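Q: here is a sequence with its predicted model. Questions after.
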Amino acid sequence: MRAAVCRAYGPPEAVAIEDFPSPSVGPGQVRVRVSAAAVNFPDVLLVANKYQISAPVPFVPGSEFAGVVAWVADGVHGLAVGDGVTGTAMVGAFAEEVVVGASAVRPIPDGVDVRHAAAFGVAHRTAFHVLRSVAAVQPGEELVVLGAGGGVGLAAVQLGVVLGASVTAVASSAEKLEVAKAQGATHLIDHRAGDLRQALREALPEGADVVVDPVGGALAEPALRSLRWDGRFVTVGYASGEIPRIPLNLVLLKGIHILGFEFYGFMTHSPGDLQRGEEELSDLLASGRIVPHIGASFALEETAAALRLVADGQAVGKVVIDL
Ligand SMILES: NC(=O)c1ccc[n+]([C@@H]2O[C@H](COP(=O)([O-])OP(=O)(O)OC[C@H]3O[C@@H](n4cnc5c(N)ncnc54)[C@H](OP(=O)(O)O)[C@@H]3O)[C@@H](O)[C@H]2O)c1
């Protein structure tokens, strides 16, 4: 099969297209012929060997996909060759075929475009559980989203609006903020245009209820300062490359709750919340209430360029690889 392969850790350009053996199908697994895959920031980190875990080289990056079931191992029930499915994996999706455990795929709801199905795997699930299960966002609350033009950030804007929050989008360009506005954000702040702390104070004089932070770095502290008494700050990732260090007196003074979310830990420790979320997310996708914003599409041969766009923080919403 044709695949994007990382043979040595490094920048996105370390990934090259080659003929690569299709993985064999083990017990409980399915082979999916990939129609579309989507890029996430952790794919960039895995290629650079800077993620929490290492993928041994050579490996095929790619953690979310949609396509058609091509083979089903004996004993797998509820899936058949020819079914349209979407799924997630740690690696393997930037290829003509991917092999995953049967529990890692779900049917594509009727009427949902395969590219949208591929782009709905990681960012929206992350944002949904951050908002719903971790921060418990309530209708009418003030939600601040950092990195609001990126994959997780824009998903948090969309889902925050669906949950009834008033969303303040913080991003680095007018283009990203326009997209966030089109998805329902009410306050728009370009953090490169001035002092973020001051801009948040002006936008939210009563303070924010919740901050969602997939960026870290210099944005985290001013965003945390924008919280009102008893507010919640959820740390989701460090796309800036810098893990922030927050003075604890800020937490003490306002009774702030600092919370964390990590997808694989959440899957292991909160199966009930995970299942409830899967059902609600599936309904949101099937009903068309949430449509992932695809900011750029690439052919498989252009996988390095797709990863580069995400690595540089230039992606708007999701980046899709069309097979
Ligand atoms: N905890 C979890 O389970 C989980 C799950 C998925 C992703 N994540 C993490 O969440 C973060 C966002 O992932 P994503 O897929 O949404 O990424 P993305 O689409 O690339 O968005 C990241 C955003 O971070 C901002 N940014 C600031 N400095 C940057 C830099 N030096 N390089 C790249 N981006 C920079 C950019 O926003 P502005 O330009 O507007 O500032 C960009 O839009 C990553 O750290 C990822 O590892 C965590």
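A: Arrived safely, thanks for sending. Numbers count the residues shown, from 1 in each chain.
Q: tell me who's in contact with the most centrally placed residue in the chain.
A: Centroid check for the chain by C-alpha atoms, centre = their mean gives residue 123 as the closest residue, at 1.9 Å. Going by C-beta atoms under 8 Å, 6 or more residues apart in numbering, residue 123 touches 40, 151, 152, 154, 155, 292, 318. For the C-beta atoms, the positions are set from N, CA and C on the backbone; glycine is no exception.
Q: surely the second one is in contact with residue 315?
A: Pointing back at residue 151 there. Yes. Shown here, residue 151 and residue 315 form a contact pair, counting by C-beta atoms under 8 Å, at 6.7 Å.
Q: quick check, residue 235 in contact with residue 257.
A: No. Under the criterion of C-beta under 8 Å, residue 235 is not in contact with residue 257, lying 11.5 Å apart.
Q: quick check: residue 127 vs residue 201, distance?
A: Distance, residue 127 to residue 201, using C-beta to C-beta, to the nearest Å: 25 Å.
Q: out of these two, which sits in the busier spot?
A: Higher neighbour count among residue 127 and residue 201: residue 127, with 26 against 14, using other C-beta atoms under 10 Å.
Q: ok, now which ones touch that one?
A: Residue 127 is in contact with 152, 153, 155, 156, 158, 159, 212, counting by C-beta under 8 Å, 6+ apart.
Q: quick one: which of the residues you listed is nearest to the ligand?
A: Using C-beta to the nearest ligand atom, residue 152 comes nearest to the ligand of these, at 3.5 Å.
Q: and the closest one, what pLDDT?
A: pLDDT, residue 152: 97.
Q: and it, how close does it get to residue 164?
A: From residue 152 to residue 164 the distance is 20 Å (C-beta to C-beta).
Q: which one of the two has more residues nearby?
A: Neighbours were counted for residue 152 and for residue 164 using other C-beta under 10 Å; residue 152 has more, 27 against 12.
Q: burial of residue 116, as a residue count?
A: By other C-beta under 10 Å, 23 other residues sit near residue 116.
Q: swap in the one 3 residues further on?
A: By other C-beta under 10 Å, 30 other residues sit near residue 119.
Q: you'd agree it is up against residue 292?
A: Yes. Assessed by C-beta under 8 Å, residue 119 is found in contact with residue 292 at 4.0 Å.
Q: can you pull the residues that touch both of the two?
A: Joint contacts of residue 119 and residue 292 (C-beta under 8 Å, 6+ apart) are 317, 318.
Q: what about the strand ranked longest in the chain, average pLDDT?
A: Secondary structure assigned by DSSP state E gives strand 29-39 as the longest strand of the chain. For strand 29-39, the mean pLDDT works out to 98.
Q: for that strand, packing partners?
A: Secondary-structure packing of strand 29-39 (3 or more C-beta pairs under 8 Å, 6 or more residues apart in numbering; DSSP states H and E): strand 64-72, strand 84-88, strand 97-101, helix 114-118, helix 303-311, strand 318-322.
Q: could I get the buried residue list for the last one?
A: Looking back up the chat, that one is strand 318-322. Using 16 or more other C-beta atoms under 10 Å as the burial criterion, the residues of strand 318-322 that qualify are 318, 319, 320, 321.
Q: same check on the third one?
A: Taking 16+ other C-beta under 10 Å as the neighbour-count basis, strand 97-101 is seen to contain the buried residues 97, 98, 99, 100.
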